[in-house]
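> for reference, the sequence and a predicted model appear below.
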Amino acid sequence: MQWSLILLFLMGQCCFSDCQLYEYLYIKEDKTWTEAQQYCREKHTDLATVSKMRDLKRLLNISAGGQRDAWIGLYDPTAGTRTWYWSLPGVEFNESETNWNTGEPTDKGNSGPENCGFLYKNLTWADTGCQYDRYFLCYDETNRTQKYHLIREMMTWQKAQRYCRRKHTDLISGLKQLQDEELKNVMNSADKDPYFGLFRDTWRWSDGSSFSFRHWNKSLNNQQYNTGQCAMVKFNKNGSWKNNSCTVKKQFFCYDDKVILIKKKMNWEDAISYCRDHFHDLVTVTNLDEQRWVQEKAKKASTPFVWMGLHYACTLDLWFWVSDEVVRYKNWASDEQMDDCDMSGAMETGGKHRWFKRNDSEGFNFICSRK
């Protein structure tokens with residue numbers, strides 16, 4: 001690709017880090033959850049999906065002057081069908097990558113379902129009721145000297161989660177952390193079996209996304225088996241969530257999605273032209289949060305990869321985003337070492353949603369960004 005063509009790609013593009021991949025709106029109209037869902041889908045994208053604490057703070061910031069609480073897009077449609085999740089946002093639970101102790105999970109608690117996980121000293125897993133008090137394990141992504149912390153305070157799973165999010169990052173989550181030698185050293189000193197970041201529930205997001213973030217104001221155990229129940233954000237200091245009958249009328253949060261999956265099969269140059277003609281541009285991914293949002297769209301693609309706005313400049317020997325963002329955050333597959341002319345970046349639609357280098361002429365679905 002010639003330098004003049006690269007300039008053409010870059011001209012007039014906004015700095016994507018100043019843009020939001022999704023935008024929240026607070027609707028000051030009283031509606032049932034179903035009426036609110038219909039309103040959001042007709043006028044915006046859907047009822048609000050909340051994927052992390054930063055999202056929750058955004059909701060609270062725009063709700064000034066509102067009522068005591070408002071609907072979000074979380075509801076329980078499943079009549080008791082539960083799904084396992086990791087507490088840490090961005091870590092996806094994989095049924096084929098588990099380490100259950102022999103006979104686990106049992107789900108045979110005397111005081112209700114067993115929806116939370118704890119670790120034995122050998123790092124195998126077991127399920128238990130979330131309402132019991134236990135030690136617990138926190139993960140700290142900002143602490144370079146100590147990533148894992150055994151907290152020798154007795155708390156329910158929900159209180160432990162809040163503690164870890166307040167003082168560290170979250171409860172320990174995912175095989176990568178659970179197989180770390182540093183964690184094994186921490187567990188050698190444990191004299192009780194602690195909670196970690198594994199939980200399951202029946203709740204789903206209105207837009208079909210698989211985000212595991214929850215922020216209940218009571219024990220997780222008390223939020224189960226409320227078929228048809230819906231979730232609301234309370235306008236208190238913590239923005240905690242509570243479930244209520246979906247027929248109650250409340251104000252609510254919608255969101256506008258700035259990212260759209262195009263299920264057309266095109267080469268990279270045709271894809272970028274399509275995005276610029278109909279929306280804004282091929283999508284840019286500059287951090288883990290954006291990666292998580294975009295990969296939710298990629299899961300619904302009909303091709304094994306989706307094009308992004310990432311291209312290799314052969315003559316300059318550099319990768320660049322067509323939005324003019326510097327390529328700082330990277331999520332390449334480990335074996336992606338080859339840089340060659342006529343190559344662009346594509347995200348895999350399954351697995352760990354890594355980035356792969358593909359020839360521009362290949363035909364894939366693609367993801368556009370909106371202004």
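Here it is on my side, so go on.

> now the helices: where do they sit in this protein?
Along the chain, counting by DSSP state H, helices occupy 3-10, 33-43, 53-62, 157-167, 175-178, 181-187, 268-278, 288-298.

> export the ones you listed to JSON lines and tack on distance to residue 258 and mean pLDDT?
For glycine as for every other residue, the C-beta is placed from the backbone atoms N, C-alpha and C. Shown next, in JSON lines, are the helices of the chain (distance: least, CB to CB, whole Å; pLDDT from 0 to 100):
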{"stretch": "helix 3-10", "distance to residue 258": "20", "mean pLDDT": "40"}
{"stretch": "helix 33-43", "distance to residue 258": "15", "mean pLDDT": "98"}
{"stretch": "helix 53-62", "distance to residue 258": "14", "mean pLDDT": "93"}
{"stretch": "helix 157-167", "distance to residue 258": "27", "mean pLDDT": "93"}
{"stretch": "helix 175-178", "distance to residue 258": "30", "mean pLDDT": "94"}
{"stretch": "helix 181-187", "distance to residue 258": "37", "mean pLDDT": "93"}
{"stretch": "helix 268-278", "distance to residue 258": "12", "mean pLDDT": "96"}
{"stretch": "helix 288-298", "distance to residue 258": "9", "mean pLDDT": "93"}
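
> mean neighbour count and distance to residue 27 added to those, as CSV?
Converted to CSV, the helices of the chain look like this (neighbours: other CB atoms under 10 Å; distance: least, CB to CB, whole Å):
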stretch, mean neighbour count, distance to residue 27
helix 3-10, 13, 38
helix 33-43, 18, 7
helix 53-62, 16, 11
helix 157-167, 20, 28
helix 175-178, 17, 39
helix 181-187, 14, 44
helix 268-278, 18, 27
helix 288-298, 20, 22
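
> nearest to residue 324, out of the ones you listed?
helix 3-10 (4.9 Å; CB to CB).

> circling back to that earlier point, of all the helices of the chain, which one is nearest residue 256?
Nearest of those to residue 256, taken as CB to CB: helix 33-43 at 9.2 Å.

> before we move on, the earlier item: quick one, which of the helices of the chain is nearest to residue 229?
Across the helices of the chain, closest to residue 229 is helix 33-43 (CB to CB), at 9.1 Å.

> tell me which other helices or strands the closest one touches.
With contacts taken as 3 or more CB pairs under 8 Å, 6 or more residues apart in numbering; DSSP states H and E, helix 33-43 sits against strand 22-31, strand 46-47, strand 69-75, strand 250-257.

> return the most buried member of those strands.
Highest mean neighbour count among those (mean count of other CB atoms under 10 Å): strand 69-75, with a mean of 26.

> give me the angle between that strand and helix 33-43.
With axes from the mean of the first three to the mean of the last three CA atoms, to 10 degrees defining the directions, strand 69-75 sits at 80 degrees from helix 33-43.

> thought residue 31 was touching residue 47?
No: in this structure residue 31 lies outside contact range of residue 47 using CB atoms under 8 Å: 10.4 Å.

> quickly list what's touching both of the two.
Shared contacts of residue 31 and residue 47 (CB atoms under 8 Å, 6 or more residues apart in numbering): 71, 252.

> for the stretch 101-250 of the chain, which spans come out with low pLDDT?
Residue ranges of the stretch 101-250 of the chain with pLDDT under 70: 109, 111, 218-228.

> my bad, the stretch 251-371 of the chain
Across the stretch 251-371 of the chain, the ranges flagged by pLDDT under 70 are 335-338.

> residue 364 is in contact with residue 344, isn't it?
No: the pair formed by residue 364 and residue 344 falls short of the contact definition of CB under 8 Å, at 9.7 Å.
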